[in-house]
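Chemist: Sequence first, predicted coordinates after that:
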Amino acid sequence: MCAVDLHTLENDTVAAFQEIATLKPVKVYRGFLHLKEALGHIPGYAQDCAACSDDASSFWAWVQLFRDMTTAKATIKANAESNILKLTNDLRKLRSDLKSEEYFAAGEQAGKMLAIVTVPLPPTPTEV
């Protein structure tokens, strides 16, 4: 399958990022839950598409972080705490882009922020 209802995926993803961008703890949590749900609707997307199989493999490896919410929360918390200054500046830019209706730039900024907070943590000594 190389197709999915991209309009629904787009709407769900945008709604999730809008909640995350508020930085209100309950909304951030709910935003990540909605993001997880949106991604869960496309389990076979691009798996069988030769043209995008490498991208699909990378994407699905990243999505695995959200399968276990305990690990996801710990990863996001640790990365957010260690990158608080960068994320604060990025959030300021994101809000500015949204206010000026620069949605593509806002999406890029949100993506950069998401990439920062979802970097996998190194294994603990007991996991090695």
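Modeler: Arrived safely, thanks for sending. Note that this is a predicted model, so its numbers are computed, not measured.
Chemist: so where's this structure shaky on pLDDT?
Modeler: The model of the chain has pLDDT under 70 over residues 1-7, 41-57, 126-128.
Chemist: all helices of it, in order?
Modeler: Taking DSSP state H as the test, the helices found in the chain are 6-21, 25-40, 53-63, 69-82, 84-99, 103-117.
Chemist: Centre of the chain to the second one, how far?
Modeler: So the one you mean is helix 25-40. Counting by C-alpha atoms, centre = their mean, to the nearest Å, helix 25-40 is centred 9 Å from the centre of its parent chain.
Chemist: repeat for the fifth one
Modeler: When C-alpha coordinates are averaged (C-alpha atoms, centre = their mean), helix 84-99 and its chain have centres 16 Å apart.
Chemist: Give me the contact list for that helix.
Modeler: Ala21, Leu23, Ala80, Tyr103, Ala105, Ala106, Gln109, Ala110, Lys112, Met113, Ile116, Val117 (C-beta atoms under 8 Å, 6 or more residues apart in numbering). The C-beta positions use only the backbone N, C-alpha and C, and glycine is treated the same way.
Chemist: again, only using 10 Å
Modeler: With C-beta atoms under 10 Å, 6 or more residues apart in numbering as the test, helix 84-99 has contacts from 17-18, 20-23, 79-81, 83, 102-110, 112-113, 116-117.
Chemist: Give me the buried entries from the residues you listed.
Modeler: Restricting the contacts of helix 84-99 to buried positions leaves Phe17, Ile20, Ala21, Asn79, Ala106, Gly107, Gln109, Ala110, Met113, Ile116, Val117, with burial counted as 16 or more other C-beta atoms under 10 Å.
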